[in-house]
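1. Model the structure of this input:
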Amino acid sequence: MRNYKINILGTQYEIVEDAGLRRTGFDGLCRNYGKTLQVRDSTDMLDQDATEDEKRIRYKETVRHELVHAFFFESGLDEYCENEQLVSWIAIQFPKMLKVFQEAECM
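-> Numbers count the residues shown, from 1 in each chain. Presented below is the predicted three-dimensional model:
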């Protein structure tokens, strides 16, 4: 189990791998007031037929998703924090956007 701290807009959050999430049906959970991001272990992502690569990709996407929730919350944008469609879009598209920004040398 990996646990580590990360700074989100000046607020310390802890990312915790939590096997207990399995019973909730969630892959991840942002606890804004507890300053904790809970994420299932990568080996517990998706179904048993998924490859290790697929599970690792899903794990990273889930961590990004929960981080986006925390960024919205810490920005005072609670209404966006609750918008799962927007949060998922950012989490999925961000790596592609970052690559384009780097190619355009605008970072």
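2. drop to CA atoms for contacts and neighbour counts, all remaining ones
-> OK.
3. buried residues in stretch 27-36?
-> 27, 28, 29, 30, 32, 35, 36 (16 or more other CA atoms under 10 Å).
4. Return the closest of those with respect to residue 74.
-> residue 32 (8.3 Å; CA to CA).
5. Next, name the residue at the spatial heart of this protein.
-> In the chain, the centroid-proximal residue (CA atoms, centre = their mean) is residue 63; its distance is 2.4 Å.
6. Provide a list of residues in contact with that one.
-> 28, 37, 39 (CA atoms under 8 Å, 6 or more residues apart in numbering).
7. Output the helix ranked longest in the chain as CSV, restricted to C-alpha atoms.
-> What stands out as the longest helix in the chain, according to DSSP state H, is helix 52-74. Extracted in CSV, the C-alpha atoms of helix 52-74 (Å, rounded to 0.1, in the frame of the first residue of the first chain):
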residue,chain,number,x,y,z
GLU,A,52,-1.8,-5.2,-15.7
ASP,A,53,-1.3,-2.4,-18.2
GLU,A,54,-5.1,-1.6,-18.3
LYS,A,55,-5.2,-1.6,-14.5
ARG,A,56,-2.3,0.7,-14.3
ILE,A,57,-3.9,3.1,-16.8
ARG,A,58,-7.2,3.0,-14.9
TYR,A,59,-5.3,3.6,-11.6
LYS,A,60,-3.6,6.7,-12.9
GLU,A,61,-6.8,8.0,-14.4
THR,A,62,-8.6,7.5,-11.1
VAL,A,63,-5.8,9.4,-9.2
ARG,A,64,-6.1,12.3,-11.7
HIS,A,65,-9.9,12.3,-11.3
GLU,A,66,-9.7,12.6,-7.6
LEU,A,67,-7.1,15.3,-7.9
VAL,A,68,-9.4,17.3,-10.1
HIS,A,69,-12.1,17.1,-7.5
ALA,A,70,-9.6,18.4,-4.9
PHE,A,71,-8.5,21.3,-7.2
PHE,A,72,-12.1,22.4,-7.8
PHE,A,73,-12.8,22.2,-4.1
GLU,A,74,-9.7,24.2,-3.1
